[in-house]
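>>> Show me the folded form of this:
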Amino acid sequence: MEAAEAAGDGDGDAVAGGPRLPPHGSGGRALRVVEMHAGGEPLRIVLGGCPAVPGATLLAKRRHARQRLDWLRRRLVHEPRGHRDMYAALPVPSELPDAHLGVLFMHGRGYSVMCGHAVLALGRFAVDYGLAPPLAPEAPVRVHCPCGPITAFVGCRDRRTTGRVRFHSVPAFVPVTDLPVDVPGYGRLKVDIGYGGTFYAFLSAELLGLDVRSSKTRDLVDAARAVTAAVKEQFKIQHPESEDLAFLYGTILTDGNDAFSEEPTTNICVFADTQVDRSPTGSGVTARIALQYHKGLIQLGQTRTFKSSTTGSLFTGKPIQEAKYGDFNAVIVEVAGEAYYTGTATFTVEDDDPLKDGFLLP
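Numbers count the residues shown, from 1 in each chain. So this is what the prediction gives:
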C-alpha cells in the first residue's frame with residue numbers, strides 16, 4: 001500500500017500511470033458511456049465505441065439492433081458491467097429533419113419504444129453535449145423515440161442546464177378499460193390498458209391483496225408479472241400505426257387513488273418481465289394521465305403528482321391538449337421530473353473473456 005500511495009499524483013489517486021496500465025482490451029471495442037438517473041432509475045448513454053446502426057428509419061434501426069447488434073445491449077446492461085435492472089440509450093441519427101437526436105432504448109430483456117425517464121435525462125444530455133443550444137430559461141430538445149418525436153424542455157441558467165426537465169408526449173390513449181383477465185393465483189380481475197408511448201396494464205395493488213406503499217417489492221413484482229403474462233395471453237394489443245409498437249411492456253400497480261387530488265398517488269412499474277422502475281415511470285405517468293382523462297377524473301391543465309413506491313421520487317403529469325391517434329381519442333401529456341449525472345465510464349472488452357457479452361442470473 002505504501003508503494004501505491006507513493007505512486008499517486010498527490011491528489012488522492014492510488015496509482016499513477018498511462019496507457020501501459022490495465023484495464024485494456026486485446027483488440028475488442030471500448031465502450032464509452034455517460035451515466036445518469038431520473039427519479040432513481042439509471043440511464044447509461046453510449047458516447048462511443050459501438051458500430052453505426054444502419055436503417056432508413058428509426059424503427060428500421062431498432063430492428064437491425066435487435067437482429068444484428070444484440071451483443072452491444074448485453075454488454076451494456078447485463079452483468080458484469082450492468083445488472084438486471086440497468087437501462088441504456090444509444091443515440092443514433094434520426095430521419096426527422098427537426099430532431100436533435102434519435103435514440104434506441106435497451107433494457108435487460110430487449111428494446112423498448114418509449115422511456116420517459118430516459119427522455120428527461122437525454123434532454124439534459126443533448127444540451128450539455130452540444131446537440132441542442134442552451135437557451136434560457138428552457139431549451140427545447142426534439143428527441144426522436146421509436147414511438148415518435150417528443151419535445152423535452154430543459155431548464156437552463158447561465159448557459160448551463162439544471163436538473164429540472166419536462167416533456168410533451170406522443171398522443172396517449174386508452175384501448176380498453178375493465179378488461180376481465182384470469183390471473184393464475186389471483187383469480188379473475190379487471191384491468192385497464194393505457195398507452196403512453198408504450199402499452200401498460202393498470203390495476204390497484206389492493207385487488208391482488210397487496211399494498212403498493214408497504215408490501216414487499218418481491219411480492220409486487222411477482223403479482224405484476226403474473227398480470228402481464230395473463231394479459232399477453234388473453235388480449236391482443238393493437239397499435240394504430242405500427243406492429244413494432246404493438247406489445248404490452250409491463251404492468252403498473254397503483255394505490256387506486258385515480259380521482260384528482262393534490263396528494264401524490266403511488267405506483268410501481270414492472271416492465272420487461274421483472275424489471276423494476278425506480279422512478280414513477282415517465283411513459284407510465286403519461287398512460288395513467290390518459291386513463292384518468294378518459295374516465296373524466298382529471299381535466300386539461302390539472303397537475304397530478306406521482307410517487308415511486310421504491311424510491312419515493314416524484315414526477316408530475318398533466319393533460320395539456322386533446323388529440324386523435326388513429327381512431328382513438330387521445331391526449332398530449334406533459335411529464336416533469338429531474339435528471340442528474342452520476343458519472344462517466346469506459347468499458348473494455350477482452351476477446352478471450354468467456355463472459356464478455358454479459359450474463360443474467362436465472
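>>> what about the longest strand in this protein?
Scanning the chain for the longest strand, with DSSP state E as the assignment, gives strand 328-347.
>>> Show me what that strand is packed against.
Where contact means 3 or more CB pairs under 8 Å, 6 or more residues apart in numbering; DSSP states H and E, strand 328-347 is packed against strand 31-38, helix 116-128, strand 160-168, strand 173-183, helix 282-294, strand 314-325. Every C-beta, even on glycine, is put in place using the N, C-alpha and C of the backbone.
>>> And the average pLDDT for the fourth one is what?
When you say that, I think you mean strand 173-183. The average pLDDT for strand 173-183 rounds to 98.
>>> quick one: low-confidence ranges for the chain?
Across the chain, the ranges flagged by pLDDT under 70 are 1-28.
>>> For the most centrally placed residue in it, give its distance to P133.
With distances taken as CA atoms, centre = their mean, C115 lies nearest the centre of the chain, 3.3 Å away. Noted for C115: a distance of 24 Å to P133, by CB to CB, to the nearest Å.
>>> now E95
Shown here: E95 relative to P133, a distance of 22 Å by CB to CB.
>>> so Y87 sits right up against R44, yeah?
Yes: under the criterion of CB atoms under 8 Å, Y87 makes contact with R44 at 6.9 Å.
>>> Find the residues that touch each one of those two.
Both Y87 and R44 are contacted by V77, under the criterion CB atoms under 8 Å, 6 or more residues apart in numbering.
>>> how does this protein divide into domains?
Domain assignment for the chain, taken from the TED database, gives 31-169, 170-333.
>>> Centre of the chain to the longest one, how far?
Same thing as domain 170-333. Counting by CA atoms, centre = their mean, to the nearest Å, domain 170-333 is centred 14 Å from the centre of its parent chain.
>>> Next, the distance between the ends of that domain.
End-to-end distance for domain 170-333, by CA to CA, to the nearest Å: 8 Å.
>>> for the first one, same thing?
Between the opening and closing residues of domain 31-169 lies a distance of 31 Å (CA to CA).
>>> how about the helices in the stretch 51-200 of the chain?
For the stretch 51-200 of the chain, applying DSSP state H, counting those that start in this stretch gives helices covering 58-68, 70-77, 116-128.
>>> okay, those, which one's buried deepest?
Highest mean neighbour count among these (mean count of other CB atoms under 10 Å): helix 116-128, with a mean of 29.
>>> Pull the distance from that one to the chain's centre.
11 Å.
>>> Run the angle between that helix and strand 160-168 for me.
Counting by axes from the mean of the first three to the mean of the last three CA atoms, to 10 degrees, helix 116-128 lies at 140 degrees to strand 160-168.
>>> Could you check the angle helix 116-128 makes with strand 314-325?
Using the same axes, to 10 degrees: helix 116-128 against strand 314-325 is 100 degrees.
>>> Pull helix 116-128 out as PDB, backbone CA atoms only.
Below are the C-alpha coordinates for helix 116-128, written out as PDB (Å, rounded to 0.1, in the frame of the first residue of the first chain):
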ATOM      1  CA  GLY A 116     -39.900   8.800 -20.100                       C
ATOM      2  CA  HIS A 117     -37.200   8.800 -17.500                       C
ATOM      3  CA  ALA A 118     -34.700   8.400 -20.400                       C
ATOM      4  CA  VAL A 119     -36.200  11.300 -22.300                       C
ATOM      5  CA  LEU A 120     -35.800  13.600 -19.200                       C
ATOM      6  CA  ALA A 121     -32.100  12.600 -19.000                       C
ATOM      7  CA  LEU A 122     -31.500  12.700 -22.700                       C
ATOM      8  CA  GLY A 123     -32.900  16.200 -22.900                       C
ATOM      9  CA  ARG A 124     -30.400  17.500 -20.500                       C
ATOM     10  CA  PHE A 125     -27.600  15.400 -22.100                       C
ATOM     11  CA  ALA A 126     -28.400  16.800 -25.500                       C
ATOM     12  CA  VAL A 127     -27.900  20.400 -24.300                       C
ATOM     13  CA  ASP A 128     -24.800  19.700 -22.300                       C
END
